[in-house]
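Peer 1: Pasted the sequence and its predicted model underneath.
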Amino acid sequence: MNEKPILDVRNLKQHFKINKKFTVKAVDEVSFKIYPGETYGLVGESGSGKSTIGRSIIRLYKPTSGEVVFDDVLISGNLSKETTNHLRTKMQMIFQDPMASLNPRKKVMDIIAQGLDNYKLYTNERDREEKVYKILEKVGLSGEHAKRYPHQFSGGQRQRIGIARALIMNPSLIIADEAISALDVSIQAQVVNLMKEIQEETKITYLFIAHDLSMVKYISDRIGVLHLGHLVETGTKNEIFNNPIHPYTKSLLSAIPEPNPIAVRNSVSMHYDYAASGIDYTKGTLHCVSGEHYVLSTEEEFKKWK
Ligand code: ADP
Ligand code: MG
């Protein structure tokens, strides 16, 4: 790709010191790039470090080490006021549980306008309301909904409110952390379709975090596979699905629910046991399969797997 990435994560480490003797290496030496207007799907089982990566990028945590460059600006070190403002407006996050992330005592109008309020992004009350109405319409809700409280909505509608709250800031990157995981499958598809429509219209970039590959396959242009805090493979959707190299990626792919029951009976679910595999992620480096398809491995593993 000739384009410049909008987000460049290099050797990101996020370690949590629990006590003198014990540190959780939640994220270890993770590198990936996201290009403008695309959706990068970050997948991995629970506890693999997905949320920690999202939170470190958006600076809910200060990275232990490594660099994150967003819109050509380094955002992983000490932040100037200007850089903080840029980060807080142009990068937004939507969370898994909108009920927990939406203030139950606030009306939707004020929830969605919060970012506008924080950064004084309106000229008068009328302008503020109109901005909220416009964004409500964009996410498939109506002005009428602005008067209501979060508990008066369904799960899918609440997630639309979460999207509206992010979108009103006119961000260039949205990090969606398991944004649809708690929703019914039919509702998941609606929310994902909405996100896709918004992307077509605004050219917004998504970092789409999920623990299973089924929706990621549908929404992503490129995919990163995370295991035990390490990015074990990254590539385009087709590279990951048609030519998976890493044994963990292969086992993840074999676990995708198959809508056809006959295929289920015949499919072999691959089991991957890191402890027994002899693989040591800390000894591996990213090896290029082709283009921007990379796999974390030693020289020997790479020869064997490729
Ligand atoms: P995921 O989102 O993929 O489920 P997380 O990023 O939430 O994974 O967690 C990755 C690992 O880091 C887990 O082992 C988790 O227990 C640990 N972890 C996450 N946040 C913290 C924290 N604030 N303090 C200590 N350990 C943490
Ligand atoms: Mg998580």
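Peer 2: Right, received. Where do you want to start? Ligands and ions are numbered 1, 2, ... in the order given.

Peer 1: just how off-centre is stretch 146-165 within its chain?
Peer 2: Centroid separation for stretch 146-165 versus its chain: 21 Å, with C-alpha atoms, centre = their mean, to the nearest Å.

Peer 1: And the strands in the stretch 151-300 of the chain?
Peer 2: With DSSP state E, counting those that start in this stretch, the ranges of strands along the stretch 151-300 of the chain come out as 173-177, 205-210, 222-227, 230-236, 285-290, 293-297.

Peer 1: how about those in TSV, adding mean pLDDT, mean neighbour count and distance to ligand 2?
Peer 2: Glycine gets a C-beta too; all of them are placed from N, C-alpha and C. Compiled in TSV, those are given as follows (pLDDT from 0 to 100; neighbours: other C-beta atoms under 10 Å; distance: least, C-beta to the ion, whole Å):
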stretch	mean pLDDT	mean neighbour count	distance to ligand 2
strand 173-177	97	24	6
strand 205-210	97	25	7
strand 222-227	98	25	10
strand 230-236	98	25	15
strand 285-290	96	15	23
strand 293-297	98	24	20
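
Peer 1: With distance to ligand 1 as new columns, can those be given to me in a markdown table?
Peer 2: Output for the strands of the stretch 151-300 of the chain, formatted as a markdown table (distance: least, C-beta to the nearest ligand atom, whole Å):
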| stretch | distance to ligand 1 |
| --- | --- |
| strand 173-177 | 7 |
| strand 205-210 | 7 |
| strand 222-227 | 7 |
| strand 230-236 | 12 |
| strand 285-290 | 20 |
| strand 293-297 | 17 |
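
Peer 1: tell me which element residue 84 falls in.
Peer 2: For residue 84, the host element (DSSP states H and E) is helix 81-90.

Peer 1: what separates that helix from the chain centre, distance-wise?
Peer 2: 19 Å.

Peer 1: Please shift the residue numbers so they start at 667 in all later answers.
Peer 2: In the new numbering, first residue 667, that becomes helix 747-756.

Peer 1: Please work out the angle formed by the directions of that helix and strand 839-843.
Peer 2: Here the directions of helix 747-756 and strand 839-843 differ by 60 degrees (axes from the mean of the first three to the mean of the last three C-alpha atoms, to 10 degrees).

Peer 1: Mind exporting the C-alpha coordinates of helix 747-756 to CSV?
Peer 2: Extracted in CSV, the C-alpha atoms of helix 747-756 (Å, rounded to 0.1, in the frame of the first residue of the first chain):
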residue,chain,number,x,y,z
LYS,A,747,-2.6,20.1,25.3
GLU,A,748,-3.0,20.4,21.6
THR,A,749,-2.2,16.7,21.0
THR,A,750,-4.6,15.7,23.8
ASN,A,751,-7.4,17.8,22.2
HIS,A,752,-6.7,16.2,18.8
LEU,A,753,-6.7,12.7,20.3
ARG,A,754,-9.9,13.3,22.3
THR,A,755,-11.8,14.6,19.3
LYS,A,756,-10.5,12.8,16.3
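
Peer 1: For residue 807, give me its contacts.
Peer 2: Applying C-beta atoms under 8 Å, 6 or more residues apart in numbering, we find residue 807 in contact with 823, 826, 827, 830.

Peer 1: The first one and ligand 2, how far apart?
Peer 2: In this structure, residue 823 lies at 23 Å from ligand 2, with C-beta to the ion, to the nearest Å as the measure.

Peer 1: so who does that residue touch?
Peer 2: Contact analysis of residue 823 by C-beta under 8 Å, 6+ apart lists 807, 811.
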